Each structure stands twice: as C-alpha cells, then as structure tokens.
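**Student:** Quick one, what's the 3D model for this:
(one chain, ligands or ions: 1)
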Amino acid sequence: MRIRGRSGRRSAGRARLWFDGTMHTVDSSRTPGAPGIHRLFANGRVHAFAGSSKVAEAAEAAEAGDPAEAVLVSDGRVVAVGSAHELRDRAGAAPVDEVDLEGRIVLPGFVDAHLHAVSTASTISEVDIRQVRSLRAAVDTVAAHAATLPPGEWVTGGRWDSNTWDMGRGGSYQPDRGLLDEAVPDRPVALWSIDYHTLWLNGAALEAVGIHDDTPNPVGGEIVRDGSGRATGILREDAATIAERAMPALSLDQRAQNMRMAQRKWLAEGLTGVHDIDGAASQEAWDALRANDGLLMRVVKYLRLDELEWARAVGWRTGDQVGRRRTSPTGMPEPALSWDDPARDGWFVRGGLKLFSDGALGSQTSYMTDPFPTRPGEDHLPNYGLPIAGEDLLVEQITEALQAGISLAVHAIGDRANHHVLRAFSRTRAASREAEARYDRPLRHRIEHAQFVRPEEVRLFAQMGIVASMQPRHCISDLHLLDSLRPDPRLAAYAWKDLLAAGAPVAFGSDGPVEPTDPFAAIYAAMTRADFGGDPSTTFEPGRRIPAWDAIAAHTSGAAYAAGLEGTVGTLAPGMAADLIAVDVDPLRADGGSGVTGEYASEEALFEHAEAVRDATVHLTAVAGEVAFARV
Ligand SMILES: [Zn+2]
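**Tutor:** This next block holds a predicted model:
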C-alpha cells in the first residue's frame, strides 16, 4: 500500500550525496563459454518452472521415475538441469564444486515485486502494536517502548489496526491524541496505521511537525478535527505525508545497517530479489551497501513522484542497470549499462515511477463506485474514498515519465481508482509505444494492488499488457474488512485467478512492511483465500483460489516480467541467473491432490497441502550460483 521513505524529500544536498562515488567496472568473467569453476547443486528435486507451459511442468512433476535432481551452474548462470551424472559429464574437465541438496525441493528464487525496503528494514527497531486488541493496550505498549528510548527521541512504528480493537462499538473507530498525551507527554509519538495510510500523533508530535488546529487540510489529505475544531492527532493520506516529511529521518548508517540485517532475513525466507518501492531514503541505503559489498540480492529500484525531476536530470531510464558494487569513490554521476548491453546481470536495475490514484480499504480511502456503508446514527455525506489523482492528472504524470523513458507503477485499490488508471493507460498507449521505440526497450506498466476491479475491465489488463501487481496476503488480512465494509459483491475482488484466466501478467509481492515478506505465506493465501490459521469457513470467494504453480510463477517469473527481467531471472532454464532455493515441502505434489492443477480430493486435502506449503522451511538460498543462505 502506501509507505513513504522517511526522508522522502530530495534536497539538493541529498541529490549530491546520491551522486557520490559511483563509477563501476563491468565484470568480464561473464562471457558465455568462458572457462570457470562449475558448481553442481545435486541430490535435489528440481522444479525449474522453465517448461513451455504449466501442462509440461505438470507432466514433469508427475514423472515418477527420474525427475531432474541437479542444476549445473557456471559464472552465476544455469548451464543445465538434469541428472547428476549427466551434468558431471557435461562439466567435463572443468573443476566442479558440489553442493548436496539432501533430497530437498528446488525452486527458482522468489522475487518480491512490491516491497518497501527501508521501511520494512526499519521495523526491526520500532514499536510494533499490530497484535494489540484495544486502545488501552496500544497506549500501554507505546509507553513501555518510550521508556526504553533516550530522552526526547521520537517513538515511531505502530501498525495499529483499530478495526480489530475491542471498543465495545465495532466498525472503524479511530483513536485520538487524548490517551497518548497522558501516557507519553514528554516526547513526540507518531504511529502508522496497519496500512500506512493514517498517522496517529500525540500533541508533542503535532507541535513538532507544525500542524495546528487551524492548519488547512492539504490537497489529497485530511487533518481530522473534533466537534470543537481541535486536531485529534489523526492525519489521513497526504496530511500524513506532510507530517512524515517533518519527522527526523534515520541516519544513513542506521538505514544501511537495518537493510543489511533485513536482506539476510529475506534470503532466509527464499527471496533472491526485490522490487523496492521506497524512495530516496532507500536508494541512499542501497548505495551505501553497494559501496561496501553489502548488496546480497537483486534489486529493481522504483522512484517516487517527487524524485521524477531528479531522475530526468541524471538520465534515469527504466531497465538500465548499475553495478552490484560501487567501485569508485569519486563524485561522478553513476554510469549505467543500457538495456541491450550484454554485460547486464540484473543486480541493481532502474525501475519505473510509482504513482498513487487512491488510498486503502481499511482507512476507507480506496476510491469506490459505491460509498462505504454508514452505521446507524451516522449522518455524514456518503464516503466514496479518496481520489488522490484522477484520470487527467494521471495522464499528465504518465506522459511526463514516458518522455524520459520511465515506466509506471500506479497504486489503485478501489474499483473507481482502477477504472481511472486503466483509462489513463489507454489514453497514453501511443506515447508509451513511442517511448519504447525511442529508448529501444520494453516499458512494462503496472497497477499496484488492483484489489477491486470492475468485472468488465479485467480483460483490459490483458489487452494493454498491464501487470497486475498483487499481494495475496492482503486478501486474508482484509477478511474482517470485507465483512464490515461490504464492497459490491459483483466486483472482481483480489481476482488473481480472473486476471490470469484473461491472460493478464500477474506479479506477486508482499507490500512489506504492510504484510510479512515470507513468500510461502503468500502462496498459502493465494491457494486458500482463508485465514492464516487454516479455517476453511473463513474463505473469501473460493472460486478465485489458484494452484500453487500459478502462485509460485507470479512470485518468480511474473515478478521478473513486471520489471522486464524475464530473460534474466525467474526460471531455472539454461542461461538464466542461478537464483534458486531448496525447501523441505513440495508445493506441486501432494497426497490428496496437485499443486499444479489445484485439484484436490477434498477441502481438507487442499488445506493440508496449503498449510504444509505455508510452513515450508527454506534450507538453502543461492544468488547467482553463490550460496547466500544455508540453514545449519
Ligand atoms: Zn506499497
């Protein structure tokens, strides 16, 4: 959903910092056929996801006799998949280093197509009130955390979900500064809602960010006030953004340190690549890591709207890439390898521009055709959500990006927002084709979330080749909202199945830190559409479940396609990057059914398999053929 890097503003000073020391050399050892050490990942069961179709993959998975058991790698790329003795022959006289997979299942490494990298990493040190179930418990947890901090330091974090609080009143109650001021009067407190669309501040924080009772609402945002006109401490959408920008940023060292730890966690979960949707604060942290050999996985870096001018100035084009390492300390602009450069390896790739068209369901700011339900006694105007950018403004923003050779990723949750974005993409199709021709590369456009789509518009994703960038965990986290907010049941809701059936490209991710990054939990959500505990009665629209095969493909090759990297990562075909994982559960094979077809003997058999997948343990993760994580 919506996360802003805490130093989202790009001052001139920051821009210069970003220019620092970024010359790099091209690794010439990647020449195809060059002699080098081969590595054989042997004694596994390999699902390469490289078959010409799902049916071919099914035939392979069903083959009882001699499934592919090994992957031969050279210079970071897959040479071949097959039996170990065959591949040892293939390596010939070249030295072979062997890794024993101990019978585990091998899959392509997962790519998280929508991750807020620096925000997710920073949650490591912030207060977490996701699990509390009342206002009192939230305030007590925050006060206890505040007591551990040095005097004057901000309390940040939060992740509160008042929809789950026991308030004796139900619905979408939102807290205010009152209890927070009593519990923590002496330092600023700023707490994000679970969807990062609403900020809850105490009085000290309101003062610190300069928001007063008479501060006018910004465009696209709201400073909530009580009956007497006093700011309650709740800021919605762009009002929250403004406050966030006035909050102190984590130092670059802290951010880089957090990201170093977070990468290790993501590798252990089976991720070998991420599409980072966070802004400049994240880019700076990645640059610092790259300068110190700290980039451990492949990154596609997206831009924020307020970075567009800067991006144009430095010649940022979607699909260009910079080196895994920064090797020059000088203050030169960083040279990039263009789209068709044979030395590209997909380590750090320039992505598109992220735009917003609406808010989120839980905050009742997703832009809908039908208004949100009102409760008895409420007499305010109907709430249709909040259009952050309408069709015409989107057309302007899209056109400007396209002129610079930059693709688009537009946040849209409500059906009306998705309608506007699809219209805007339709109106800019010619400009997009021109930009693709001028810059000689594909520009893949995406809609982020695509949670509620008008059924007749599902096919437009396929017709225009718009990637539906979706997060299966949102569906099962939203189960309670889907009850209380009752969107029109005719809408195609969390409709990855409909989109795939229509032929639309679908990419999966987590939207971390909104949801946990574990890709196996996402596969479970896509397979069941039921609560995380495995209760079948909680299923939201079982007809929209998909087989594990489709969910894994969306989380690997689908995510690669969304960034134009389908020729580099996402399958274990020869020539592809050797990004792979070994796990203890086979998501394609089950006793009572099949993870390829999604057909199971019973609901119990489906849940048994889906829960095993959810709980799968990653034992090994390799990026470019190097073991980046191994469970001991
Ligand atoms: Zn997001």
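**Student:** and T232, that one's in a strand?
**Tutor:** Yes. Assigned with DSSP: H, G, I helix; E, B strand; the rest coil, T232 falls within a strand.
**Student:** separation between Q364 and the ion?
**Tutor:** Note on Q364: its distance to the ion, by C-beta to the ion, to the nearest Å, is 18 Å. In short, each C-beta sits where N, CA and C put it, glycine included.
**Student:** meant to ask about R544
**Tutor:** From R544 over to the ion the distance is 22 Å, taken as C-beta to the ion.
**Student:** wait, what's in contact with that residue?
**Tutor:** Residues in contact with R544, defined by C-beta atoms under 8 Å, 6 or more residues apart in numbering, are A493, Y494, A495, W496, K497, D498, R529.
**Student:** sec struct for the spatially most central residue of the chain, please.
**Tutor:** For the chain, the residue lying nearest the average C-alpha position, counting by C-alpha atoms, centre = their mean, turns out to be H114 (1.8 Å). At H114, secondary structure determined by three-state DSSP is strand.
**Student:** Assess the claim that it and I447 are in contact.
**Tutor:** No. Applying C-beta atoms under 8 Å as the test, H114 and I447 come out as separate, 11.0 Å apart.
**Student:** Which neighbours do these two have in common?
**Tutor:** Contact criterion C-beta under 8 Å, 6+ apart; residues shared by H114 and I447: S469.
**Student:** For the stretch 351-500 of the chain, give me the ranges with low pLDDT.
**Tutor:** The model of the stretch 351-500 of the chain has pLDDT under 70 over residues 375-379.
**Student:** ok, now the stretch 201-350 of the chain?
**Tutor:** Those would be 328-332, if you go by pLDDT under 70 across the stretch 201-350 of the chain.
**Student:** 90 instead, please
**Tutor:** Residue ranges of the stretch 201-350 of the chain with pLDDT under 90: 219-221, 237-238, 245, 248-251, 254, 279-281, 313-314, 322-323, 325-346.
**Student:** Just want the residue of it that's nearest the ion.
**Tutor:** In the stretch 201-350 of the chain, the residue that lies nearest the ion is I277 (5.3 Å; C-beta to the ion).
**Student:** what sits against that residue?
**Tutor:** I277 makes contact with I3, H114, L115, H116, A117, Y302, K354, A409, E448, according to C-beta under 8 Å, 6+ apart.
**Student:** Could you count how many residues lie near G575?
**Tutor:** Neighbourhood size, G575 [other C-beta atoms under 10 Å]: 12.
**Student:** quick one: secondary structure of L72?
**Tutor:** Going by three-state DSSP: L72 is strand.
**Student:** you'd agree E153 is up against V189?
**Tutor:** No. With contact defined as C-beta under 8 Å, E153 does not reach V189; the gap is 10.6 Å.
**Student:** Looking at those two, which one has more neighbours?
**Tutor:** Using other C-beta under 10 Å, the more surrounded residue of E153 and V189 is V189, with 28 against 12.
**Student:** Bridge partners for the residue of the stretch 351-500 of the chain found nearest the ion, pull those for me.
**Tutor:** Closest residue of the stretch 351-500 of the chain to the ion, C-beta to the ion: E448 (6.3 Å). With DSSP bridges as the criterion, E448 is bridged to H411, S469.
**Student:** Hmm, it is touching K354, no?
**Tutor:** Yes. Taking contacts as C-beta under 8 Å, E448 lies within contact range of K354: 7.3 Å.
**Student:** Show me the common contact partners of these two, please.
**Tutor:** I277, A409, V410, H411.
**Student:** do you know how far the second one is from A450?
**Tutor:** Applying C-beta to C-beta, to the nearest Å, the value for A409 to A450 is 11 Å.
**Student:** re earlier: show me which of E448 and K354 is the more surrounded one.
**Tutor:** E448 (29 against 22).
**Student:** Can you give me the distance of that one to L115?
**Tutor:** Counting by C-beta to C-beta - E448 and L115 are separated by 12 Å.
**Student:** In space, what's closest to the residue of the stretch 451-600 of the chain found nearest the ion - neighbours in sequence excluded?
**Tutor:** Residue of the stretch 451-600 of the chain nearest the ion, by C-beta to the ion: D511 (4.4 Å). Nearest residue to D511 in three dimensions, chain neighbours excluded: Q471, at 4.5 Å (C-beta to C-beta, 6 or more residues apart in numbering).
**Student:** close enough to count as contact, the one you found and H449?
**Tutor:** Yes. Between Q471 and H449 there is a contact at 6.8 Å, judged by C-beta under 8 Å.
**Student:** Pull up the overlap in contacts between these two.
**Tutor:** Overlap of the contact sets of Q471 and H449 (by C-beta under 8 Å, 6+ apart) consists of D511.
**Student:** Show the contacting residues for the residue nearest to R130 when sequence neighbours are not counted.
**Tutor:** Excluding its sequence neighbours, the residue lying closest to R130 (C-beta to C-beta, 6+ apart) is R159, at 4.4 Å. Listed by C-beta under 8 Å, 6+ apart, the contact set of R159 reads T123, D128, I129, R130, L191, W192, S193, I194, P513.
**Student:** Is it correct that the last one is in contact with H114?
**Tutor:** No. Applying C-beta under 8 Å, one finds P513 not in contact with H114, separated by 11.6 Å.
**Student:** Please identify the residues of the stretch 401-550 of the chain in proximity to the ion?
**Tutor:** Counting by C-beta under 5 Å from the ion, the stretch 401-550 of the chain comes close to the ion at D511.
**Student:** in the stretch 401-550 of the chain, which spans are helices?
**Tutor:** For the stretch 401-550 of the chain, the helices defined by DSSP state H, counting those that start in this stretch occupy 415-427, 429-439, 458-464, 472-477, 479-484, 496-501, 519-528, 548-555.
**Student:** Which among those helices is found nearest to F629?
**Tutor:** helix 519-528 (13.8 Å; C-beta to C-beta).
**Student:** I figured E400 hits L308, correct?
**Tutor:** Yes. Applying C-beta under 8 Å, one finds E400 in contact with L308, separated by 6.8 Å.
**Student:** all strands for the stretch 251-400 of the chain, in order.
**Tutor:** Assigned by DSSP state E, counting those that start in this stretch, the strands in the stretch 251-400 of the chain fall at 271-276, 298-304, 321-322, 348-356.
**Student:** So which of those is the most surrounded?
**Tutor:** Each of the strands of the stretch 251-400 of the chain was scored by mean neighbour count; the highest is strand 271-276, a mean of 28, by mean count of other C-beta atoms under 10 Å.
**Student:** What strands line up against that strand, and which way round?
**Tutor:** Paired neighbours of strand 271-276 in the sheet (DSSP bridges): strand 110-115 (parallel), strand 298-304 (parallel).
**Student:** Tell me the residues of the stretch 101-250 of the chain that contact the ion?
**Tutor:** Applying the criterion C-beta under 5 Å from the ion, no portion of the stretch 101-250 of the chain neighbours the ion.
**Student:** export stretch 426-443 as PDB, just CAs?
**Tutor:** The C-alpha atoms that make up stretch 426-443 are tabulated as PDB, following Å, rounded to 0.1, in the frame of the first residue of the first chain:
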ATOM      1  CA  SER A 426      -5.400   3.600 -22.500                       C
ATOM      2  CA  ARG A 427      -5.100   7.300 -23.300                       C
ATOM      3  CA  THR A 428      -1.200   7.200 -23.100                       C
ATOM      4  CA  ARG A 429      -0.800   3.900 -25.100                       C
ATOM      5  CA  ALA A 430       0.600   5.700 -28.200                       C
ATOM      6  CA  ALA A 431       3.000   7.700 -26.100                       C
ATOM      7  CA  SER A 432       4.100   4.500 -24.400                       C
ATOM      8  CA  ARG A 433       4.800   2.800 -27.700                       C
ATOM      9  CA  GLU A 434       6.700   5.800 -28.900                       C
ATOM     10  CA  ALA A 435       8.800   5.800 -25.800                       C
ATOM     11  CA  GLU A 436       9.500   2.100 -26.200                       C
ATOM     12  CA  ALA A 437      10.700   2.700 -29.800                       C
ATOM     13  CA  ARG A 438      12.700   5.700 -28.900                       C
ATOM     14  CA  TYR A 439      14.500   4.100 -26.000                       C
ATOM     15  CA  ASP A 440      14.600   0.600 -27.600                       C
ATOM     16  CA  ARG A 441      13.300  -1.400 -24.600                       C
ATOM     17  CA  PRO A 442      10.000  -2.700 -23.200                       C
ATOM     18  CA  LEU A 443       8.300  -0.400 -20.700                       C
END
